[in-house]
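Undergrad: coords please:
(one chain, ligands or ions: 1)
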Amino acid sequence: MIHLHNVSKSFHMFQAVQSVSLTIEKGQVHGIIGASGAGKSTLLRLINLLEIPDAGEVAVNGQKLTQLNGKALREARKSIGMIFQHFNLVANKTIYENVAVSLRLAKYPMRQRRERVMECLQFVGLASFKDKYPAQLSGGQKQRVAIARALANYPQVLLCDEPTSSLDPNTTAEILGVLKNVNETFGVTIVMVSHEMDVIKSICNHVTVLADGKVYDSLAIEPKGIRLIDDNPENFVKQLTEDGEWDHA
Ligand SMILES: Nc1ncnc2c1ncn2[C@@H]1O[C@H](COP(=O)(O)OP(=O)(O)OP(=O)(O)O)[C@@H](O)[C@H]1O
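TA: Below you'll find the predicted structure:
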């Protein structure tokens, strides 16, 4: 489904990604983890050619993206959705318009746009928020809108760049639940960058560990499931005053 072959990317002489080869099979929830600066986001952005590689080959759905440009690349990108840490919603557009914009850009048939927007908002549980603006939503709700927008064009791949890093633990769990549902319901292959081991272990069934722009290891794992925390204030106080809590750090 996704094949990277000897892909490299430098920024001003600094090699952020160095000759990476990686295969991600259809239907995987594939995590990418590593230290800050390891090249995780750059690697993710190389998959849809948001970053153009200096060398190497990127193929998605059997299409060599690195051999495409202009219209053909835009067309191929429709099958690759993306979400970001800071949601990237358009502040002065309603929730409805934020999702509709991706259909407009993809020249989705005009008459069917409304139905498709509402289908996607329903999937993420936010149909009743359609006339609100991003500033009126919580972080978790904004990320759900971003997921609806990314799903609008029926992608086969969803790239997630630190999708839960701005969220509290229980909202993180909620978003991970939505992503798992996207994978299971539509068979969408998910590639998720995160620096949080708990996030990676919860839903990923394959993980690539990056170090200094190179693949350190790539392995199959058994997802541990999504863990909710008790966010009752009593529990916070209890945890703050209990001995041995530092072990959790
Ligand atoms: N557009 C850019 N211009 C210059 N340098 C860049 C650019 N994008 C990334 N880099 C550099 O490339 C290296 C890898 O960055 P990248 O964001 O891919 O790492 P990361 O593993 O995702 O890090 P973090 O977890 O901190 O986000 C970093 O040293 C970064 O400063």
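Undergrad: any residue of the strand or helix carrying residue 23 up close to the ligand?
TA: If you go by DSSP states H and E, residue 23 is part of strand 14-24. Yes: residues of strand 14-24 are located near the ligand by C-beta under 6 Å from any ligand atom, namely residue 16. The way it works is simple: take the backbone N, C-alpha and C, and place the C-beta from them, glycine included.
Undergrad: neighbouring contacts of that strand?
TA: Contacts with strand 14-24, where a contact means C-beta atoms under 8 Å, 6 or more residues apart in numbering, come from 1-10, 30, 39, 42-43, 46, 53, 55-56, 189, 191, 206, 208, 212-215, 218.
Undergrad: so what's the residue positioned nearest the centre of the chain up against?
TA: The geometric centre of the chain, computed from its C-alpha atoms, lies nearest to residue 160 (C-alpha atoms, centre = their mean), at 1.1 Å. With C-beta under 8 Å, 6+ apart as the criterion, the residues that contact residue 160 are 82-83, 179, 190-193.
Undergrad: dump the residue contacts of the residue nearest to residue 180 when sequence neighbours are not counted.
TA: Beyond its immediate neighbours in the sequence, the residue positioned closest to residue 180 (C-beta to C-beta, 6 or more residues apart in numbering) is residue 203, lying 4.9 Å away. Contacts here follow C-beta under 8 Å, 6+ apart; on that basis residue 203 touches 29, 176, 179-180, 183, 190, 192, 223, 226.
Undergrad: Pull out the buried members of the contacts of strand 14-24.
TA: Of all those considered here, the ones buried according to neighbour count by 16 or more other C-beta atoms under 10 Å are 1-2, 4-5, 7-9, 30, 39, 42-43, 46, 53, 56, 189, 191, 206, 208, 213, 215, 218.
Undergrad: Restricted to strands, list the residues you listed.
TA: With strands identified by DSSP state E, the entries of the buried ones among the contacts of strand 14-24 that belong to them are 2, 4-5, 7-9, 30, 56, 189, 191, 206, 208, 215, 218.
Undergrad: Could you measure from residue 166 over to residue 194?
TA: 12 Å (C-beta to C-beta, to the nearest Å).
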